[in-house]
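**Q** output the structure for:
(one chain, ligands or ions: 1)
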Amino acid sequence: MDGTRSDTAIDWARVRADFPILDRQVHGKPLVYLDSANTGQKPDCVIAAVDDFYRRHNANVSRAVHALGSEATAAYEGARGKLARFFNVAADELVLCSGTTFAINLVAYSWALPRLQPGDTILLTRMEHHANIVPWQLIAQRTGATIRVVELLPDGSLDLDALFTLMTPEVRLLGLAHVSNVLGTVNPVAAICKEAAKRGITTVIDGSQAAPHMPVDIAALGCDFYAATGHKISGPTGTGVLWARREHLAAMPPFLGGGEMIKEVRFDGTVFNDAPHKFEAGTPNIAGFVGLGAAVDYLSAIGMANIAAREQDLLAHATEELSNIDGLRVFGTAPDKAAVISFAIDGTHSHDLATLLDLEGVAVRSGQHCAHPLLQSLGVGTTCRASLAFYNNHAEIEAFIVALRKVHGLLG
Ligand code: PLP
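**A** Model prediction:
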């Protein structure tokens with residue numbers, strides 16, 4: 001896996017120039033894109049890989065014996081191999097899917113639904129995204145299992161004492177974000193999975209917000225399932241991965257049925273394909289995965305450790321500047337934090353702030369960030385969220401702060 005390299009000599013201005021959209025103007029102002037936690041921007045090489053696939057290699061995978069079919073299959077399976085190396089896992093344990101939402105639903109319906117029963121408990125945390133809450137609610141309704149929630153400490157870190165206390169014998173499954181999409185909190189996933197494994201609890205890690213910001217070595221985490229989304233790591237939308245231990249994949253029934261996921265179909269019974277293909281019914285997003293393969297090549301060439309260090313530098317700058325704005329509160333100050341900053345300003349609504357910031361060219365997200373239970377506990381209806389990526393720069397942070405002071409003045 002990449003990510004251990006640490007090269008301080010990276011020319012970040014050149015890296016930034018790889019992202020054509022960042023040259024845009026919005027409302028007559030230079031775009032300052034601070035919404036990468038929502039979706040990441042795409043470098044030229046990803047756009048070119050998708051373009052080249054459709055221009056030169058487009059065909060369906062695994063079905064055609066002709067040259068284009070072989071090329072498309074090789075490109076798609078090649079992307080699986082790249083993703084496996086990126087996450088340090090075996091390619092045959094990596095299911096390619098449309099994103100984290102699909103991945104967690106797959107685990108919910110294929111692993112949990114046949115196994116859970118009344119008396120069982122699903123453990124979740126207050127900081128989960130709806131994608132790691134709602135599927136479990138649906139499964140709890142169907143199986144009679146109950147959901148228990150681990151609360152947070154005031155700085156937005158997980159209350160680990162409470163978590164370990166709540167890991168009682170009825171708990172069958174723990175759903176946990178690697179990084180919070182609202183608070184930026186980085187959870188100590190390896191330590192938590194170790195405790196869960198001792199108690200026979202199956203762990204489902206939502207890696208959507210970790211994969212863009214840091215090296216992710218799934219093998220080192222000791223989890224059972226790990227989900228990540230391609231569009232947040234510079235890849236196309238509609239791409240993502242689910243990693244699962246081989247024994248889980250072998251034991252799980254298919255989630256969706258159709259072409260690609262079978263070896264033989266007869267009216268008196270169907271023989272399913274081996275994993276991971278057993279979970280990839282229908283024509284996949286082939287061009288999307290070709291693009292995602294190019295994206296992880298690109299990120300690996302920069303080095304995920306370098307990306308993490310760069311983003312920490314930008315995060316420190318932005319946090320320092322925001323601390324000087326009167327009435328502004330940042331939610332999420334855990335010591336281990338990714339470059340995601342949720343904030344509110346007393347007496348202003350986050351939608352008003354975000355709308356006025358947009359007129360200044362600054363794109364931030366406003367709302368509940370698909371995390372209603374977390375927002376309910378923060379005591380604010382909504383927040384603004386500025387999320388940074390390695391392609392942002394210090395000048396953009398200055399521009400953001402100037403714009404924020406201006407709109408704050410207008411609203412104040
Ligand atoms: N989990 C977290 C923590 C997220 O931030 C997101 C996306 O915002 C998701 C899950 C859902 O990802 P997707 O919509 O790509 O399935």
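**Q** next SSE after the longest helix seen in the chain?
**A** For the chain, the helix with the greatest residue count under DSSP state H is helix 67-87. Later in the chain than helix 67-87, the nearest helix or strand by DSSP states H and E is strand 94-97.
**Q** what average pLDDT does that next one get?
**A** In this model, strand 94-97 carries a mean pLDDT of 98.
**Q** average pLDDT for the helix or strand that it is followed by?
**A** For strand 94-97, the succeeding helix or strand toward the C-terminus, using DSSP H and E, is helix 100-106. For helix 100-106, mean pLDDT is 98.
**Q** quick one: the residue of the chain most remote from its centre from the ligand, how far?
**A** What lies farthest from the middle of the chain is Asp268; by CA atoms, centre = their mean that is 40.7 Å. Note on Asp268: its distance to the ligand, by CB to the nearest ligand atom, to the nearest Å, is 37 Å. Quick note: C-beta positions are derived from backbone N, CA and C, even for glycine.
**Q** which one is Leu353 nearest to, not counting chain neighbours?
**A** Residue nearest to Leu353 in three dimensions, not counting chain neighbours: Cys384, with 5.3 Å by CB to CB, 6 or more residues apart in numbering.
**Q** that older thread, need the contact list for the residue farthest from the centre of the chain.
**A** Residues counted as contacts of Asp268 (CB atoms under 8 Å, 6 or more residues apart in numbering): none.
**Q** quick one: buried residues of the longest helix of the chain?
**A** For helix 67-87, burial by neighbour count (16 or more other CB atoms under 10 Å) applies to 69, 71-73, 75-77, 79-80, 82-84, 86-87.
**Q** how far off centre is that helix?
**A** 21 Å (CA atoms, centre = their mean, to the nearest Å).
**Q** next one: stretch 56-66
**A** Distance of stretch 56-66 from the chain centroid (CA atoms, centre = their mean) equals 30 Å.
**Q** list the buried residues in it.
**A** 57, 59-62.
**Q** now pLDDT too, for those residues, in TSV please.
**A** As requested, the buried residues of stretch 56-66 are exported to TSV (pLDDT from 0 to 100):
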residue	pLDDT
His57	97
Ala59	95
Asn60	94
Val61	93
Ser62	79
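**Q** residues from the chain in reach of the ligand?
**A** When proximity is defined by CB under 6 Å from any ligand atom, the chain lies next to the ligand at 99-101, 129, 131, 177, 181, 206, 208-209, 229, 240, 370.
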